[in-house]
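A.B. asks: predicted structure and sequence below. I'll ask about it afterward.
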Amino acid sequence: QVQLVESGGGLVQAGGSLRLSCAASGRTFSSLTMGWFRQAPGKEREFVARIWSGDSTYYSDSVKGRFTISRDNAKNTVDLQMNSLKPEDTAVYYCAASSRFFATRNQYEYDSWGQGTQVTVSS
């Protein structure tokens, strides 16, 4: 099991930027697939981005070109840089870890979850 702690959420105006960070402990971080998901009020949790151990990345269509996921295996962290934020990006953002080398966008492939951090984008 991996312990995950997110930070960096907050309130930002539309068009602004935020950087989320997730610190991991408890397992060999470099071998994990790391992902970011989000859940808006009244909606189901949805995939945002994932990064494999070899740094291959994949994004949902709604954030592609605006968000960037990255990892630092020396620090056991994964970040989500969010640019050109829109009101529809408002949600609780969750960091997740999968023991699968090639985990996909399926949330059920992720074994460990952080507590979430709120991101609010005002119009």
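C.D. replies: Looks like it arrived, so ask away. Residues are numbered from 1 along each chain as shown.
A.B. asks: element containing the residue nearest the centre of the chain?
C.D. replies: Nearest residue to the geometric centre of the chain (C-alpha atoms, centre = their mean): residue 36, 2.2 Å. Element membership for residue 36, per DSSP states H and E: strand 33-39.
A.B. asks: now do that strand: which elements does it pack against?
C.D. replies: Under the contact definition 3 or more C-beta pairs under 8 Å, 6 or more residues apart in numbering; DSSP states H and E, strand 33-39 sits against strand 18-25, strand 46-51, strand 67-72, strand 77-82, strand 91-98. Using the backbone N, CA and C atoms, a C-beta is placed for each residue, glycine as well.
A.B. asks: that one pairs with which strands, parallel or anti?
C.D. replies: Applying DSSP bridges, strand 33-39 is found paired with strand 46-51 (antiparallel), strand 91-98 (antiparallel).
A.B. asks: who's in contact with the closest residue to residue 37 other than its chain neighbours?
C.D. replies: Excluding the flanking residues, the one nearest residue 37 by C-beta to C-beta, 6 or more residues apart in numbering is residue 94, at 4.7 Å. Counting by C-beta atoms under 8 Å, 6 or more residues apart in numbering, residue 94 makes contact with 6, 36, 37, 38, 39, 45, 113, 114, 116.
A.B. asks: what separation do you get for the third one and residue 29?
C.D. replies: By that I understand residue 37. Separation of residue 37 from residue 29 (C-beta to C-beta, to the nearest Å): 18 Å.
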